[in-house]
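# fold the stuff below for me.
(one chain, ligands or ions: 1)
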Amino acid sequence: MSDRSESYWFENALVVTQDDGRRVFRGNVRIEAGRFTHVGPDAPRNGAVKIDATRYAIVPGFINTHGHVAMTPLRGIADDRDLAGFLETLFAVDAHRTEQDVEAGAALGILEMLMSGTTSFLDLYYAEDAVARAVARWGIRGFLGWAVLDPEFTTQTGVPLDNARRFISRWKNDPLVTPLVAPQGVYVCGKETWLGARALAEEAGTLCHYHLAETRKEVHDHEAKTGRRPATWLEEIGFLGPRQIAAHAVWLTGHEIELLGRHRLGIAHCACSNLKLASGGVSPVVELAHAGAVVGLGTDSAASNNSLSMLREMHVAGLVQKNQRWDASQLPAQRLLDMATREGARMLGREGDLGSIEPGKRADFSLVALDHPSVQPAGPETIVSHLAYSAWEESIDSVYVDGDLVISHRQLPKGGWREVRESATQAAIHLWSHRPSPPS
Ligand SMILES: [Zn+2]
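The predicted model follows:
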């Protein structure tokens, strides 16, 4: 187990820096007190504990920009249904969740993410205190959005915005948890909730995260109700602004793409979830980025994806855009890796200390085993391509967050996997017992 008072010197690794020059080279990386202090062929050892990293690539931790980690025990519960059928099952089951279910589910999802190289995730859910406890326990970095919606739609006790405000003040000084506010979507949030969430985020100096334009039904229903499409409406009510991250953003007009770009919005592109739920369209991520938006990748929940692996997300996001546009040059491997790392950091306003391997940044990274078949032939000219298109989760050998070793040779350094599995199984038994019978 690493100890943050010690410094570590990784010798002769294949370093995938993701810095401005996207340098990849054989060299040394030194970490001290949770940060990278030296990166390069000449990084000095200076008495640090030496780790021979010849067999490994050092890769920045992935940043998963959208999900609902507590739903991991619901993996497989509503497969092969469209969004309406999926939501019917999810709402029925979700109403019965307990804090214990949330914490157990979050722990399971967090371990799946860590074991696939993710070191930060952005979450949207209720009872985020339970998720925050799992974050602290397992050592991932959590950007946790407390879901807010109109009081008539919620199962929360009390007013959701007040609950979000209290959640933010409870966790705002935590080293790994960044608390934020998360309006669920236009289908359950009216103008007052949206503007209240925006004001709360501003007042607390934090982010605002929400679902936007995921399906045609959402767009059509909102248009029928207000005369405006969701993104246009959010602009007209004065909601859109900086430090916001919208998940999905599939069904947009050219005008809306331009709007979201102008506000420099973060966009969490969830290709696998959209494909599995047959959202039909493909998020115009190339145009969004061109218009000025910052585009990252998100898995969405294990109930809709069904994996929380960012390796799969890069692969699928690349294939979808290439095929859709009849243009194999769209979203090249380097761009996909950028979306999974530095662009995610930028969306979260953390480009100064996350997303790349550079002196001064937080030491969030993976050691990728270069002798794994899925990353062969291994070398500086192939590693970025392999990470985007072929690497298996199993090639992620060890993971560090804030300089702490959280996965060591694919094991938990302090144990606990059995306990997590058993608690999550209990949560699954409880939640699945409330599943409505499928239509005959
Ligand atoms: Zn979602």
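
# helices along the stretch 1-150 of the chain, start to end?
Using DSSP state H, counting those that start in this stretch, the helices assigned to the stretch 1-150 of the chain run over residues 83-94, 99-115, 128-138.

# endpoints of stretch 174-190, how far apart?
Distance between the boundary residues of stretch 174-190 (Cα to Cα, to the nearest Å) amounts to 31 Å.

# average pLDDT for that stretch, rounded please.
Mean pLDDT, stretch 174-190: 97.

# and that stretch, how far out from the chain's middle?
Taking Cα atoms, centre = their mean, to the nearest Å, one finds the center of stretch 174-190 at 14 Å from the center of the full chain.

# buried residues in that stretch?
Buried residues in stretch 174-190, counted by 16 or more other Cβ atoms under 10 Å: 176-190. All C-beta spots, glycine's among them, are computed from the backbone N, C-alpha and C.

# equivalent analysis for stretch 230-239, please.
Across stretch 230-239, burial judged by 16+ other Cβ under 10 Å covers 230, 231, 232, 233, 234, 235, 237, 239.

# okay, that stretch in PDB with CA atoms only?
Extracted C-alpha coordinates of stretch 230-239, given in PDB (Å, rounded to 0.1, in the frame of the first residue of the first chain):
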ATOM      1  CA  PRO A 230     -35.500  21.700 -24.500                       C
ATOM      2  CA  ALA A 231     -32.100  23.400 -25.300                       C
ATOM      3  CA  THR A 232     -33.800  26.500 -26.800                       C
ATOM      4  CA  TRP A 233     -36.100  26.700 -23.900                       C
ATOM      5  CA  LEU A 234     -33.300  26.500 -21.300                       C
ATOM      6  CA  GLU A 235     -31.600  29.400 -23.100                       C
ATOM      7  CA  GLU A 236     -34.900  31.400 -23.200                       C
ATOM      8  CA  ILE A 237     -35.500  31.000 -19.400                       C
ATOM      9  CA  GLY A 238     -32.000  32.200 -18.700                       C
ATOM     10  CA  PHE A 239     -30.600  28.900 -17.500                       C
END
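
# now, among the buried residues of stretch 230-239, which is nearest to residue 86?
Checking the buried residues of stretch 230-239 against residue 86 with Cβ to Cβ, the nearest one is residue 230 at 19.4 Å.

# and the closest one, what does it touch?
By Cβ atoms under 8 Å, 6 or more residues apart in numbering, the residues touching residue 230 are 186, 212, 213, 218, 219, 222.

# those in strands, which ones?
residue 212 (DSSP state E).

# report the distance from the lowest-mean-pLDDT helix or strand in the chain to the chain centre.
Across the helices and strands of the chain, mean pLDDT, DSSP states H and E gives its lowest value to helix 83-94, namely a mean of 88. Distance of helix 83-94 from the chain centroid (Cα atoms, centre = their mean) equals 22 Å.

# contacting residues around it?
With contact meaning Cβ under 8 Å, 6+ apart, helix 83-94 is reached by 71, 74, 77-78, 81, 155, 214-215, 217, 277-279, 303-304, 431-432, 434-436, 439.

# give me that answer again for 10 Å
When contacts are defined by Cβ atoms under 10 Å, 6 or more residues apart in numbering, helix 83-94 is touched by residues 68, 70-71, 73-74, 77-81, 101, 125-126, 155, 187, 214-218, 273-274, 276-280, 301, 303-304, 430-436, 438-439.

# filter these down to just the ones in strands.
If you go by DSSP E, those have residue 125 in strands.

# which among the contacts of helix 83-94 end up buried?
For the contacts of helix 83-94, a neighbour count by 16+ other Cβ under 10 Å gives the buried set as 68, 70-71, 73-74, 77-78, 81, 101, 125-126, 187, 214-215, 218, 273-274, 276-277, 279, 301, 303-304, 430-431.

# between the buried residues of stretch 230-239, which sits nearest residue 342?
Taking Cβ to Cβ as the measure, residue 342 lies nearest residue 231 of the buried residues of stretch 230-239, at 25.4 Å.

# spatially central residue for the protein, please.
The residue lying closest to the centre of the chain (Cα atoms, centre = their mean) is residue 64, at 1.8 Å.

# beta partners for that one?
Under DSSP bridges, the beta-bridge partners of residue 64 are residue 121.

# so it makes contact with residue 300?
Yes: using Cβ atoms under 10 Å, residue 64 is in contact with residue 300, at 9.4 Å.

# what do these two both touch?
Listed as contacting both residue 64 and residue 300 by Cβ under 10 Å, 6+ apart are 268, 270, 308, 313.

# quick one on the thing from earlier: let me see the contact set for the residue nearest to the centre of the chain.
By Cβ under 10 Å, 6+ apart, the contact set of residue 64 is 109, 113, 116, 118-123, 140, 143, 268, 270, 296-300, 308-310, 313, 340, 344.

# swap in 6 Å and give it another go.
Contact partners of residue 64, counting by Cβ atoms under 6 Å, 6 or more residues apart in numbering, are 118, 121, 298, 299, 310.

# which two of those have the greatest separation?
118 and 298 (10.6 Å).

# just name the closest of the buried residues of stretch 230-239 to residue 203, please.
Ranked by distance to residue 203 (Cβ to Cβ), those are led by residue 239 at 15.2 Å.

# can you count the residues close to the residue nearest to residue 254 when sequence neighbours are not counted?
Of all residues not flanking residue 254 in the chain, residue 287 sits nearest, at 7.7 Å (Cβ to Cβ, 6 or more residues apart in numbering). Close neighbours of residue 287, defined as other Cβ atoms under 10 Å, add up to 15.

# going forward, begin numbering at 548 instead of 1
In the new numbering, first residue 548, that becomes residue 834.

# what distance do you get for residue 834 to residue 629?
Per Cβ to Cβ, to the nearest Å, residue 834 is found 26 Å from residue 629.

# check residue 695 too.
Residue 695 is 26 Å from residue 629, where distance means Cβ to Cβ.

# between those two, tell me which one has more neighbours.
Neighbour count, other Cβ under 10 Å: between residue 695 and residue 629, residue 695 has more, with 30 against 14.

# isn't that one up against residue 709?
No: applying Cβ atoms under 6 Å as the test, residue 695 and residue 709 come out as separate, 9.4 Å apart.

# before we move on, the earlier item: pLDDT value on the residue nearest to the centre of the chain, please?
Residue 611 carries a pLDDT value of 98.

# one more: the one 10 residues further on?
In this model, residue 621 is scored at 96, pLDDT.

# helices of the stretch 748-897 of the chain, start to end?
If DSSP H, counting those that start in this stretch is used as the criterion, the helices of the stretch 748-897 of the chain fall at 763-773, 777-783, 801-809, 818-823, 832-838, 857-872, 880-887, 889-894.
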